[in-house]
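K.L.:
no sequence on this one, just coordinates:
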């Protein structure tokens, strides 16, 4: 298995132009991975909504729900 340190050492042995090409390729791959994760999450949410597990709500209700969630989260953190 290649370690992060090994990978860095291998990359440092490449010519500068190839290092820059590698950086661009890795960036594009990371963007694509994030895009696929976002798509999967959207599809899951749509499936939940269509199955009736999620109900439509107003912006005000969504913000209030998020505020309650954040308050509960902060309370849980302060209890530790």
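P.N.:
That came in fine, so what should we check first? Everything numeric in this text was worked out from a predicted model, so none of it was measured.

K.L.:
which parts of the protein are helices?
P.N.:
4-12, 16-50, 59-78 (DSSP state H).

K.L.:
low-confidence ranges in the protein?
P.N.:
For the chain, the stretches with pLDDT under 70 are 80.

K.L.:
which residue is nearest the middle of it?
P.N.:
Compute the mean C-alpha point of the chain, and by CA atoms, centre = their mean the closest residue is residue 34, 5.9 Å away.

K.L.:
gap between it and residue 28?
P.N.:
11 Å (CB to CB, to the nearest Å). All C-beta spots, glycine's among them, are computed from the backbone N, C-alpha and C.

K.L.:
what does residue 62 give?
P.N.:
Counting by CB to CB, the gap from residue 62 to residue 28 is 33 Å.

K.L.:
again, but for residue 77
P.N.:
36 Å.

K.L.:
what's the neighbour count on the closest residue to residue 57 other than its chain neighbours?
P.N.:
Distances taken as CB to CB, 6 or more residues apart in numbering put residue 65 closest to residue 57, at 7.2 Å, once the chain neighbours are dropped. Residue 65 sits with 11 neighbouring residues when counted by other CB atoms under 10 Å.
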